[in-house]
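**Q** Pasting a predicted model and its sequence here:
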Amino acid sequence: MQELKVQEDAASAPAVTKRGTAIVVTSGKGGVGKTTTVANLGTALAQRGAKVVLVDADVGLRNLDIVLGLESRVRHHLLDVLEEKVSVDDALVADKHSAQLCLLAAAQTREKEDVDTEKMRALIATLAQRFDYVLIDCPAGIEMGFKNAVAGADEAIVVCTPEVSAVRDVDRVVGLLGNRFRPRLIVNRVRPQLVAKGKMLSVEDVNSILRLPLLGVIADEPGVIIATNRGTPLALNGASKAGAAFRAIAARVAGEDVAAPEVAIPPQGLMAKLGSLFGGRR
Amino acid sequence: MIEFFNRLFGRQSSSATAKERLRLVLLSDHLALAPDLIGDLKRELVDVISRYVEVDRENIELNFEQREKVIAMLANVPILSMHPATRANGAKRSGRAPDGTKRPRRRRKRATPTSNPAPAT
Amino acid sequence: MSARKIVFTSGKGGVGKTTTTVNVGAALAKRGARVILVDADIGLRNLDLVLGLEKRIVFDLVEVVEGRCQLRQALIKDKRFDSLFMLPAAQTREKEAVTEEQMAEVVGQLAHMADYVLIDSPAGIEHGFRNAAAGASEAIIVTTPEVSAIRDADRVIGKLTVKGMPIRLIVNRIRPEMVRSGDMLSIDDVCEILSAELLGIVPDDEDVIDTTNRGEPLALDPSKRLASIYEKIARRLQGEIVPFTNLESKRFFDRLFAGLKAG
């Protein structure tokens, strides 16, 4: 009798739901392009057909909504959901441009310390059940805001610009992310002419210090500012090089093996001057 | 020059778009950050409305909604009844008494000029 | 005579607070003032890097507050000027290691040793920002002419206004050609939106990254275009009325002045 029961149980057991991936995008230093990356990577993934939700974890200084052009449509925010004042569905804002994309905005008038880490973790897990990708926009810094953004993430992407301060901060962040993550690197705002003149670190310089798998390289272009002015992510713009770079990054995130970095990297660098700065995190 | 052509062809420059979006988003941010102001606004609004109709003060909602080009204030004010005084006023103007019967029309006395007119202001 | 205690803040990260603090400080020192720069970004310090003094750090702000060293021991003298000093942040601690009262106390002590105490605030509006503002009696908001930066600057202005301190604005990284083509907000746009008094306009410049890499403040190199701009900002801070040069100058003036000036 018992044997039969076991067989019956196996037959009626539910199929395991495929879980989406929660990725936090962080950097330590502010202004390197985390929000722009989340908006564009999310857009590019959604354009490829994935169901994507973007979570703005920058409580008090939200900007993901404005980069996406959705600022007039936000009615509820992350804290409303965490404090169970509204359901997740009521808070999600559908993107203007991509059907498969939606946004969970941050609260503008609250503080990062108001977020309960465990509730955040649970929320991200819930979202991962419903979406293929949950992209979390991390605030600058390494305090509570950072810790909450990282809670619940499965993977991490670190964004760095080719500047000494940014590299130093990413190095610190990678140390704090610890063994749970194997972060992938995006190098943003590269100016090839300056690199050629020896006035800017090259991608190789940056990554010889950070030693992370390279996810993508994005060149600096005025289009980024214009895109934010209008609230239309560059990933939608076929003519933009940065847009193409984000689309390539999306393909890599989705597991495709897309050809090497988009920006031509001149050979020389500034390594000798920088070697002593970084004591290394290991 | 480029701005001129943009305007000529009806396309707003991205900086003009940015300025307009910022104006609205900052107004929205400021409103969200001024609960005291909104509390006062709500109270005074309700006071004014209450002069004409009786309202359910406990269940009044005041919200600000950002739309594409403007921020709108939405007030949800449950009305319980008209004031007796207001009902009477309303009836006077319509020529009917509060019970619905027609009022007799009265003749109005014309004002006569006095020997000491009021000084001009 | 007690120093002027000024916090440089922005809300948004990456707009150039540290670069601005260093260059304004250097410009003031160059004009003979005694200046102390304070790095309030505990955990992610960068003021030392921009000044090129990262190898000279012995003690930091947190150790001063915890009484493990004297304040004077923690101050690092600049390589180039005897009257320019910096107090570094701790790199391996968190912002909660210092309270607002402790910060105000340290800045108060520094004010007896200098003419200007310039405090470099971290990004955000949390503990680090509150600490940085705690010791200050004036604020300089640094912003770029971009939507997110302006939104964050507005928030910070709101928070500082309730403290009653005078607030002035430096608009950083303006690109006159993009303003002309309608692709970037103008200075007038920014000032109108934020309604703050303008202290300086700094155009975007390739030299900034290079000089940061080498730890040599721009303001000290007369061959660098931005040096004269930081000098004007320093003069305005000292009370002089220095006019702003019109950035939207016609091509004739461009050729005449060999490149756009700002101020």
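**A** Here it is on my side, so go on. Numbering: from 1, shown residues only, chains lettered A, B, ... in the order given.

**Q** what does the stretch 1-150 of chain A have sitting close to chain C?
**A** On the criterion C-beta under 8 Å from any C-beta of the partner chain, chain C has as its neighbours in the stretch 1-150 of chain A the residues A:28-32, A:35, A:60-61, A:63, A:66-67, A:108, A:111-113, A:139-145. Just so you know, the C-beta spots here come from the backbone N, C-alpha and C atoms, and that holds for glycine as well.

**Q** Which of these are buried? Put it as a PyMOL command.
**A** Of these, the buried ones go into a single PyMOL selection, burial set by 16 or more other C-beta atoms under 10 Å in any protein chain shown:
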select buried, chain A and resi 28+29+30+31+32+35+60+61+63+66+67+108+111+112+139+140+141+142+143+144+145
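
**Q** how much space is there between residue B:35 and chain A?
**A** Separation of residue B:35 from chain A (C-beta to the nearest C-beta, to the nearest Å): 9 Å.

**Q** Ok, residue C:15 next?
**A** 6 Å.

**Q** Residue B:16 reaches residue C:184, doesn't it?
**A** No: contact criterion C-beta atoms under 8 Å: residue B:16 and residue C:184 do not qualify, at 11.1 Å.

**Q** Now for the residue in the stretch 101-250 of chain C that chain B sits nearest to, how many residues are close by?
**A** Closest contact between the stretch 101-250 of chain C and chain B, by C-beta to the nearest C-beta, is at residue C:182 (2.8 Å). Using other C-beta atoms under 10 Å in any protein chain shown, residue C:182 has 25 other residues around it.

**Q** what's the closest non-adjacent residue to it?
**A** Leaving aside its sequence neighbours, residue C:182 sits nearest to residue B:13 (C-beta to C-beta, 6 or more residues apart in numbering or on different chains; 2.8 Å).

**Q** these two touch, right, that neighbour and residue C:183?
**A** Yes: using C-beta under 8 Å, residue B:13 is in contact with residue C:183, at 7.0 Å.

**Q** what about stretch C:217-225, near chain A?
**A** No: figure legend: stretch C:217-225 not in contact with chain A (C-beta under 8 Å from any C-beta); closest approach 12.5 Å.

**Q** what about that stretch, how long is it end to end?
**A** Taking C-alpha to C-alpha, to the nearest Å as the measure, stretch C:217-225 stretches 12 Å from start to finish.

**Q** Could you give the average pLDDT over that stretch?
**A** Average pLDDT, stretch C:217-225: 92.

**Q** Then stretch C:53-68?
**A** Stretch C:53-68 comes out with an average pLDDT of 93.

**Q** close to chain A, is that stretch?
**A** Yes: using C-beta under 8 Å from any C-beta, stretch C:53-68 reaches chain A at C:54, C:55.

**Q** That stretch spans what distance, first to last residue?
**A** Stretch C:53-68 has an end-to-end distance of 21 Å (C-alpha to C-alpha).

**Q** What are the boundaries of the helices in the chain?
**A** Using chain A. With DSSP state H, the ranges of helices along chain A come out as A:2-12, A:34-47, A:64-68, A:78-82, A:88-91, A:117-130, A:144-150, A:164-177, A:192-196, A:203-210, A:223-230, A:241-253, A:271-274.

**Q** Chain B is the one I meant
**A** Under DSSP H, chain B gives helices at B:2-8, B:14-32, B:35-50, B:84-94.

**Q** Would you double-check that residue C:140 falls in a strand?
**A** Yes: under DSSP: H, G, I helix; E, B strand; the rest coil, residue C:140 falls within a strand.

**Q** follow-up on the earlier one: which of the helices of chain B is buried the deepest?
**A** helix B:14-32 (a mean of 19; mean count of other C-beta atoms under 10 Å in any protein chain shown).

**Q** Of the residues of the stretch 1-150 of chain A next to chain C, which are in range of chain B?
**A** Within the residues of the stretch 1-150 of chain A next to chain C, those near chain B by C-beta under 8 Å from any C-beta are A:66, A:108.

**Q** Strands - which of the residues of the stretch 1-150 of chain A next to chain C land there?
**A** Within the residues of the stretch 1-150 of chain A next to chain C, no residue falls in strands by DSSP state E.

**Q** what comes up buried for stretch B:57-66?
**A** In stretch B:57-66, the ones that count as buried by 16+ other C-beta under 10 Å are B:60, B:62, B:66.

**Q** Please verify my assumption that the second one contacts residue B:37.
**A** No: contact status for residue B:62 versus residue B:37: not in contact, 11.3 Å apart, counting by C-beta under 8 Å.

**Q** what residue ranges in chain C are flagged as low confidence?
**A** C:1, C:246-263 (pLDDT under 70).
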